[in-house]
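Trainee: got a sequence here, can you model it:
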Amino acid sequence: MISDDVRQGEEQLGNLLVEGLEAPPLYRDLATAYTDLEGLLRFLRHRSFSGVVAVRWPQGAYYLLVFRGTVRYARTPLGAHTDPEQATALLAREAEHPDGVISVHPLPEELFPEAWIESQPVPSEPVPEASPQLERRAPEVEASEAEPPLPEPTPGPDAEDVRVWTKMLEGLYQRYQRLVGPGPARQLEREIQAVLAGCGGVFVEGRLQGPVEVQVLKAAVARCAEIVRKVAGQAFLVRTAQGLLRELGVAEVDLLGQLMGS
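Mentor: Numbering: from 1, shown residues only. Reported below is the predicted structural model:
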């Protein structure tokens, strides 16, 4: 008989797979006839990639949950949870079938089970290397269709603060929405909008629109962090904030203390 803890764990990982498949792909529909799957997995391992690798054929599909470069969970064409190493080995053999496609979807680390995060330390910064030769006969790697961001104008005295706090607000909201779903996220959006009321800016569908002063923006981020902490827990809030700060290139000592309310 399956225990409630095991059942809940299976449900969490299944939901994480669904979330990953909806995320914008790093690579989309690479042909198995030309792509070296084992080379791709080695490349993702070297890059400490976290996300979902999906391999689909007309007769079925494999889904791998990869955390910091290691396959931690797998679904087979029969839909059964199997040993990740065995599933990966079987998949590597079957991936040579010519009628399949491979897609790779990145996910933020804080969405993965907390036990995985605690048991697997953050790897050291990988040594830069040339892109791997993923193709067997012809280049088939198709990068994500997302266009590179336009260069930002030279910031004024407060422009950089506005940029950082805006990214923190939007990032916290979006990752909270991924964790709890659209219902609680809409309530959080209303709370944020209440703080912004009358300042000239609005917060709609996870995006800040219009001009907002830095102090008002900080208050909105503080309210957002307060709700995220209550619902998702302090550990999730800290991991999310640290991840966003790394993406922004901002030292934690400069901003994390303010966000945590210290």
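Trainee: L237 contacts V228, doesn't it?
Mentor: Yes - contact criterion C-beta atoms under 8 Å: L237 and V228 qualify, at 5.1 Å. Where you see a C-beta, it was placed from the backbone N, CA and C, and this is true even at glycine.
Trainee: what do those two both touch?
Mentor: L172 (C-beta atoms under 8 Å, 6 or more residues apart in numbering).
Trainee: what about the strands in this structure?
Mentor: 27-31, 51-57, 60-67, 70-75, 101-106, 202-204, 207-209 (DSSP state E).
Trainee: buried set for the longest one?
Mentor: Buried positions in strand 60-67, judged by neighbour count with 16 or more other C-beta atoms under 10 Å: Y62, Y63, L64, L65, V66, F67.
Trainee: export these to TSV and tack on distance to P211 and pLDDT?
Mentor: Formatted as TSV, the buried residues of strand 60-67 follow (distance: C-beta to C-beta, whole Å; pLDDT from 0 to 100):
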residue	distance to P211	pLDDT
Y62	48	89
Y63	43	91
L64	44	91
L65	41	92
V66	41	92
F67	40	92
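Trainee: which of those sits closest to V18?
Mentor: Y63 (9.6 Å; C-beta to C-beta).
Trainee: what sits against the nearest residue to Y73 once chain neighbours are set aside?
Mentor: In space, not counting the residues next to it along the chain, Y73 is nearest to L65; the distance is 3.9 Å by C-beta to C-beta, 6 or more residues apart in numbering. Residues counted as contacts of L65 (C-beta under 8 Å, 6+ apart) are L13, L16, L17, G20, V52, V71, R72, Y73, A74, F112.
Trainee: likewise for L16?
Mentor: V52, L65, L107, L111, F112.
Trainee: skipping adjacent residues, who's closest to C224 in space?
Mentor: In space, C224 is closest to L172, 5.1 Å off (C-beta to C-beta, 6+ apart).
Trainee: do I have it right that the one you found meets A225?
Mentor: Yes - counting by C-beta under 8 Å, L172 touches A225, with 6.5 Å between them.
Trainee: tell me, what's touching these two both at once?
Mentor: L237, A241.
Trainee: which residues does the residue nearest to C224 contact?
Mentor: Counted by C-beta under 8 Å, 6+ apart, L172 has contacts V221, C224, A225, V228, L237, T240, A241, L244.
Trainee: before we move on, back to that, mind putting the contacts of L16 into a markdown table with distance to W165?
Mentor: Converted to a markdown table, those look like this (distance: C-beta to C-beta, whole Å):
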| residue | distance to W165 |
| --- | --- |
| V52 | 31 |
| L65 | 32 |
| L107 | 24 |
| L111 | 23 |
| F112 | 26 |
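Trainee: now flag whichever of these is closest to L188.
Mentor: L111 (16.6 Å).
Trainee: and that closest one, how close does it get to A185?
Mentor: Taking C-beta to C-beta, to the nearest Å as the criterion, L111 is separated from A185 by 14 Å.
Trainee: now do the helices in the stretch 1-150 of the chain.
Mentor: According to DSSP state H, counting those that start in this stretch, the stretch 1-150 of the chain carries its helices in the segments 4-22, 37-46, 84-94, 114-119.
Trainee: out of those helices, which comes closest to L179?
Mentor: helix 4-22 (8.9 Å).
Trainee: quick one: mean pLDDT for the closest one?
Mentor: Taken as a whole, helix 4-22 carries a mean pLDDT of 74.
Trainee: pLDDT weak spots in the stretch 101-250 of the chain?
Mentor: 120-160 (pLDDT under 70).
Trainee: H46: which of the buried residues of strand 60-67 is nearest?
Mentor: Closest approach between the buried residues of strand 60-67 and H46, by C-beta to C-beta: V66, at 12.1 Å.
Trainee: ok, the closest one - contacts?
Mentor: Counting by C-beta under 8 Å, 6+ apart, the residues that V66 touches are L41, L44, F49, S50, G51, V52, V53, R72.
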